[in-house]
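Participant: here is a sequence together with a model predicted from it:
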Amino acid sequence: MSAAPSTTAIASAGSEILFEEGIIGIPRARRFHLLERPGSPLRLLQSLDIAGFALPVVDPRFAEPDYSPTLQSRVSEALSLGDGGCVLLAVVTLGDALPTANLRAPIVINVDRRVGAQVILDDRSLPLERPLAQRL
Amino acid sequence: MLILTRRPGESVMVGNSVRITVTEVSPSAVRLGFEAPAEVSIYREEVYIEIAQANRAAAERSLPQVVEFGADETGGGR
């Protein structure tokens, strides 16, 4: 992990993203900023509702290059994905070893409407902790 | 916990928008059918709990990144 305390956080587009149903298990966490910084693909989904609550997230293709899960039609409908760009992000668990990405329950964000949800995919073979190939 | 008795084919309304129907009963399992708006997510409980725990673990270990990103408690970056 780099030591760069002067790194500036850049909020994507500056406005909040709304998760109507919150994050799985933490329904109170509904409004987020998605922070990114130069030099790392790791982003931070920071809660605006719960102080100190944040989830590191990353493009799932860092863990699985061919990741292209099928979203249930009800998910596409709930997030109005038909008319907006959709971004998938995997929640990352950091630790002493290589970071791992949750490929079973991605974060899905409709970029245009700035709404999102965490979706649990049907495919039970998708891992909760797929090691990333590199440190971020 | 509210306990209701249903026979196969009978249903329960949860609020105005969710209907749960008992479709089949066998000695070892009950098949349930769910009708709900797209915004209402429906998961087997053990899967839900597993993901919730994974989220909490990821959040607990996120502090070094919170520092790196300069994300303070008011919700914005520097």
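Facilitator: Done, it's in.
Participant: list the residues that contact residue 60.
Facilitator: Chain wasn't specified; assuming chain A. The neighbours of residue A:60, taking C-beta atoms under 8 Å, 6 or more residues apart in numbering or on different chains as the test, are A:67, A:88-90, A:101, A:103, A:106. Quick note: C-beta positions are derived from backbone N, CA and C, even for glycine.
Participant: distance of it relative to chain B?
Facilitator: 14 Å (C-beta to the nearest C-beta, to the nearest Å).
Participant: still on that earlier bit, adding neighbour count and pLDDT, write the contacts of residue A:60 out as TSV.
Facilitator: Shown next, in TSV, are the contacts of residue A:60 (neighbours: other C-beta atoms under 10 Å in any protein chain shown; pLDDT from 0 to 100):
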residue	neighbour count	pLDDT
A:67	17	94
A:88	18	95
A:89	22	97
A:90	26	98
A:101	29	96
A:103	22	98
A:106	24	98
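Participant: in strands only, show me those.
Facilitator: With strands taken from DSSP state E, the overlap with those comprises A:88-90, A:101, A:103, A:106.
Participant: so where's chain B uncertain?
Facilitator: For chain B, applying pLDDT under 70 flags the ranges B:71-78.
Participant: now the helices for it?
Facilitator: Listed in chain order, the helices of chain B (DSSP state H) span B:45-60, B:63-68.
Participant: need the residues of chain B near chain A, please.
Facilitator: Residues of chain B that fall close to chain A, judged by C-beta under 8 Å from any C-beta of the partner chain: B:37-39, B:41, B:43, B:47-59, B:61-71, B:73, B:75-78.
Participant: in chain A, what residue spans correspond to strands?
Facilitator: Going by DSSP E, chain A shows strands at A:10-11, A:17-19, A:31-36, A:43-47, A:54-58, A:86-93, A:100-110, A:115-118, A:130-131.
Participant: quickly, which of those bottoms out on average pLDDT?
Facilitator: Of all the strands of chain A, the minimum mean pLDDT falls on strand A:10-11 (a mean of 40).
Participant: residues touching residue A:131, list them.
Facilitator: Residue A:131 makes contact with A:63, A:97-100 under the criterion C-beta under 8 Å, 6+ apart.
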